[in-house]
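Structural data only, the sequence is not supplied:
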């Protein structure tokens, strides 16, 4: 399979909450987009794994994704060891995305940080010819561009994607994850976290804040390591 | 006059938009708070100087400020020269605030940046005994603490003031500036600026975003240069 | 057991040297404070493990700690794997501190850096309801605030705790670790390290330097990730 | 006159040396591009003002610029006072560029730094309706995007413009400034400066270095304050 | 064996490409210099392991190194676990360099980043007396100074070594790695990478760029953590 | 006159307090060192201008400086305008130092910050041949290296000068400024400032803190913009 863009998230719904608008915008522009979840979210405070599988399927359908996969690693216990990162590199060689979006490497959730770093390593390794031959599967091919999306820890984004035209649809996609939109239980109230129970409200706050930074109504922030080569000097 | 806190803004409404919740919270805690505007905002795109004077008076009354002053410098043309910064230092010695809140030194609006830097310099100079003697007025006294509030340019705040209990009142205060809450004219649509015409909406976006960073509903961010000495290690 | 604050150190004496004044100040304010050591320091250049156990007991008594524990991991070989970090999360759920102070994640000593990162991860995980159910022990509860203290690598502190009133007692506490206050042996003279053999002298240098940054005589620096919500805008 | 892009340089040849490739690329894409020089370079170590005027005219012709202007400020003595920055704002309102490229605000040459800061201020002021009315000339209009180009002080660029297709032509344009391509005199050998006398060689070093950062042969780096809104997530 | 300086690289040729000029300059000054490779580079896209062994031998001879070793870890799969880092610490105690140069800890190649971090940890551990006794081998001895060299990710160097007098010889040394100077295959064209196939050209670009930052023709950049103690305030 | 090094301070005693050890070390190494004060310190809280002149003369004699000058600008009101910075550039051309040490550009004292920035600009301008011809005096000559010393605002130093062998003599030099070593008056107690009245104690705190960062007993920190070219990779 040949994708244009792949979004990698530690848990089902991570890709949608952070990058739902960007996914839709890429698709609106005719791109083939996929999502790879690393775990099935069974350690989440709300919703059973079955609930989450069903919700993920509904969101996938609503988004109209060209691909959705899951690496089935244990939630809360993702470890970046050599076999796992090479398995991820194999996925990249198989799906051949030109663009990869993943977690911020400094996120507070250990799974998020681990997935961010593991993706950065797998992205590099996916371009090594001999490693591809050793591990089997499709030949070496490194995605052209790697970017990180926002999680628990604020960062200064390199760019913000204007999602004004996608905002209403992004909300619909997030609403697919009904089990995650309930009030949090007692153990879910730690400091440094977003105050309420409603991920819709949190998504709106962030979209408005980052949107304003580029004169848009709604935006999704991304971090790029090093300078970017861009065609577009006049803004968007 | 002896104030506990003084907020310095380049234009009437700058103090309220950035720090309205903090002003109210300080007053709720029994502190005497004042606002010093540097210009009368006559270069603003909307509202006459007379409109703005009347609106400022209404906001001042609603806030119940212990002091409101204006340095009457020309809007859009604030210059940090020696006489002006010493006049500001004289105000500080006269009002004797323990806490001073001012603009971010890197703000995009030239007046904001100039006022931020001039306040930092005047704050230092207000503590020099011989300069006080030379310039006349009350004796040297440097405010204990100086902090900078957010403007056009995002920063990583040192702290965020929880204004959940003040939020509704802050909105009322901003509504006093009715002339500023109209749709912007044609010349006011430059990039890097907040998208809409409604400063209420912009204030809400920022209060929600920074509030979430400290697990509150609404917050106002502040920047402190160097480490802070704080009594409170358990959060607020 | 319910603590107000928990200090986590890789080796016995790490907590006292970095945070002894803060521990005393918290206790002076009526807080219940505990210390969790991760190893027993058997790889230290000076003093046997038996010496260090006895010294730690004496310091604990002098401090009047509500709790002192040890995870008995191998000194010089602390590894942040899934079982260990979940064991640390269990300790956090058991001790229920509102405030956690731990090593700087970039410290030069591998154990210090590992403990800093592992605490950050365990702190997050301690709030996950299902992980708590899976691992057993008390229910999920995430400490409100996490801060990092200074080690070998200088940082720009977010705040400095004024320990003027605790300084003399801090020295007494450090003196409990008599085996560590001897001249270092030959193999202990690497660059980047403090010049002399006397940890009392080093503690004084740092307390004076950071104290001066907040106009105090003695201070202990702390690093906070992201903005802090503080009640106290007037300094301390 | 309505430009798409305006490059502002303190001295004739600054725009060409830093941004010659970008100018050509914008023109290759059909954009109308202008250059505004702030001084005539009469303090330059090499070449008379007459030489430089003639060289600038030749470069302007070779580039095929839609506009070339000069503010005739004194070389080595550019001051950012209120009348000068408003005169620059008037130029911006007159030329109506959507994109403005200017010096880095931290450059070592005082004129470069002053022009960088003055452009940032004038860019903001150009959007103020009442200031435009007061100063006369065209109505308020703020360019959509402002970026800074590299000078003496290295920075981490936000983006690099691929100028592979323009490189040979950029060299031809620089060669127009023949007086500047001679060996430097004795007084021009200070440290922190590029080693040789040949600006062609220096331009090549930089173009290769920054080009490689985006997998191109030749590139020109630019700094953007805050996140960018870009259409193009797939690189360029 | 007692070395003055040791350069540690993940793959044969890493030391030469990044630090070849510095190695030669140290040797020109009469220092004893060694190189320790961590893997034999068998996963490289070009050249067999046998080719690379022979090329490394030739480069070693041409450089006239006092020592060249290899830890024989698997290329592309270097893991920083306790036994490996202690084995590296043992090498440091054995070779007794005063100066250690290693990879940048944030490099894109996972092996480079792992070697950078592992060296930093082993450097610290090499000074622990009891660990040395436990692991056997020579007594504890920590190298005086640790610096990091440039790889895939740009950094702001602390210093640049002027290699003008060594540049031509550095090129000869790199030419020893003939298998690495061929055009890359199809799988080796990912973005973020240097454009061409010729490591000689890439080495030249970097040497020129960093050299210019210190007014030299050719330079090699190094990153130091924290301030440096230097004798030489007048430059070099 | 031809100096090796010139230290520039806003007020008499600034050079000695910040750089006294470095001055002595440079002289111990046979260098010719001078100090240029920008004002006579008449606005200082303690001591008359006559006192300060006499103290400066004594310190100059004790240091054995090759040169001590004063620009006689008004204390507390130093302004960086074109004539002043060109007068400073003329001094640089006249004294011909290879090394210039000046204030940190972000210092809290307005005079310190102004002198730091003005020196950076004058340093650049001193190398312009035609400006030298226009202003008269010696020909253009730009000092090789410019560094900034610490003031009120902490920074991460690029290097620390080991002054162990000069420490006792530095104290003697500071003691020459007897009027400045008295308890401060009431107006001198602002926050962010060093706690006590004794500049000797403050100098000791800083010397010990920065010394420890390079494994020395006493050190003086310096900030360099951009990478340094150094001969000495083995520390000092």
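Great, that's in hand. Being a predicted model, the structure only gives us computed values, none of them experimental.

Stretch A:206-220 and chain B, are they touching?
Yes - applying C-beta under 8 Å from any C-beta of the partner chain, one finds stretch A:206-220 in contact with chain B at A:206, A:208-209, A:211-217. Where C-beta positions appear, they are placed from N, C-alpha and C, glycine not excepted.

Sitting in helices, which of those do you find?
Using DSSP state H, the subset of the residues of stretch A:206-220 next to chain B located in helices is A:206, A:208-209, A:211-213.

Quick one: which of these is the most crowded by neighbours?
Among these, the one with the most neighbours (other C-beta atoms under 10 Å in any protein chain shown) is residue A:211, at 26 neighbours.

got the contact list for that residue?
Residue A:211 sits next to A:160, A:162-164, A:217-219, B:195 when contact means C-beta atoms under 8 Å, 6 or more residues apart in numbering or on different chains.

out of those residues, which one sits closest to chain E?
Chain E lies nearest to residue A:160 out of the contacts of residue A:211, by C-beta to the nearest C-beta, at 20.9 Å.

what sits up against the helix or strand the closest one falls within?
Per DSSP states H and E, residue A:160 falls inside strand A:159-162. Contacts of strand A:159-162 with the rest of the structure, by C-beta under 8 Å, 6+ apart, involve A:21-22, A:25, A:210-211, A:213-214, A:216, A:218-222, A:224, A:228, A:236, D:227-230, D:233.

Which of these fall within helices?
Within those, residues falling in helices by DSSP H are A:21-22, A:25, A:210-211, A:213.

what about stretch A:69-81, how long is it end to end?
End-to-end distance of stretch A:69-81 (C-alpha to C-alpha, to the nearest Å): 20 Å.

For it, buried residues please.
The neighbour-count check on stretch A:69-81 (16 or more other C-beta atoms under 10 Å in any protein chain shown) flags A:69, A:71, A:73, A:75-78, A:80 as buried.

residue ranges for the strands of chain A, please.
In chain A, the strands defined using DSSP state E lie at A:5-9, A:33-39, A:67-73, A:99-103, A:145-149, A:159-162, A:219-223, A:228-229.

helices or strands up against the last one?
It refers to strand A:228-229. Packing partners of strand A:228-229 (3 or more C-beta pairs under 8 Å, 6 or more residues apart in numbering or on different chains; DSSP states H and E): strand D:159-162.

Direction included, what does the strand it packs on pair against?
Strands that pair with strand D:159-162, judged by DSSP bridges, come out as strand A:228-229 (parallel), strand D:219-223 (antiparallel).

tell me which parts of chain A are close to chain E?
A:81-82, A:85, A:120-121, A:124-125, A:127-132, A:134, A:139-146, A:225-226.

Can you tell me which of the strands of chain A is nearest to residue C:172?
Distance to residue C:172, taken as C-beta to C-beta, is lowest for strand A:99-103 among those, at 46.7 Å.

now what about the closest one, what contacts it?
With C-beta under 8 Å, 6+ apart, strand A:99-103 has contacts from A:4-10, A:14-15, A:19, A:22, A:26, A:92, A:112-113, A:115-116, A:119-120, A:123, A:143-149, A:151, A:222, D:233-234.

tilt between that strand and strand A:5-9?
Per axes from the mean of the first three to the mean of the last three C-alpha atoms, to 10 degrees, the angle that strand A:99-103 makes with strand A:5-9 is 10 degrees.

Now do strand A:99-103: distance to the chain's middle.
Centroid displacement of strand A:99-103 relative to its chain, using C-alpha atoms, centre = their mean, to the nearest Å, is 6 Å.

Which positions in it come out as buried?
Using 16+ other C-beta under 10 Å as the test for burial, strand A:99-103 gives A:99-103.

And stretch A:223-231, by the same measure?
Within stretch A:223-231, the residues scored as buried using 16+ other C-beta under 10 Å are A:223-230.

of the residues you listed, the lowest pLDDT goes to which?
Here the lowest pLDDT out of the buried residues of stretch A:223-231 sits on residue A:230, with 87.

Output the below-cut-off pLDDT ranges for chain A.
Along chain A, the model assigns pLDDT under 70 to residues A:183-197, A:236.

how about the residues of it near chain D?
A:4-5, A:22, A:26, A:98-99, A:144-145, A:147, A:156-162, A:210, A:213-216, A:219, A:221, A:226-236.

give me every residue that touches residue A:228.
Going by C-beta under 8 Å, 6+ apart, residue A:228 touches A:145, A:158-159, D:158-160, D:214, D:230, D:235.

Quick check: it vs residue A:3, distance?
Residue A:228 sits 20 Å away from residue A:3, going by C-beta to C-beta, to the nearest Å.

How about residue A:70?
Residue A:70 is 16 Å from residue A:3, where distance means C-beta to C-beta.

again, but for residue A:222
Distance from residue A:222 to residue A:3, by C-beta to C-beta: 18 Å.

do the same with residue A:90
Taking C-beta to C-beta as the measure, residue A:90 falls 14 Å from residue A:3.

These two: who's more crowded?
A direct count of neighbours by other C-beta under 10 Å for residue A:90 and residue A:3 places residue A:3 higher, at 24 against 19.
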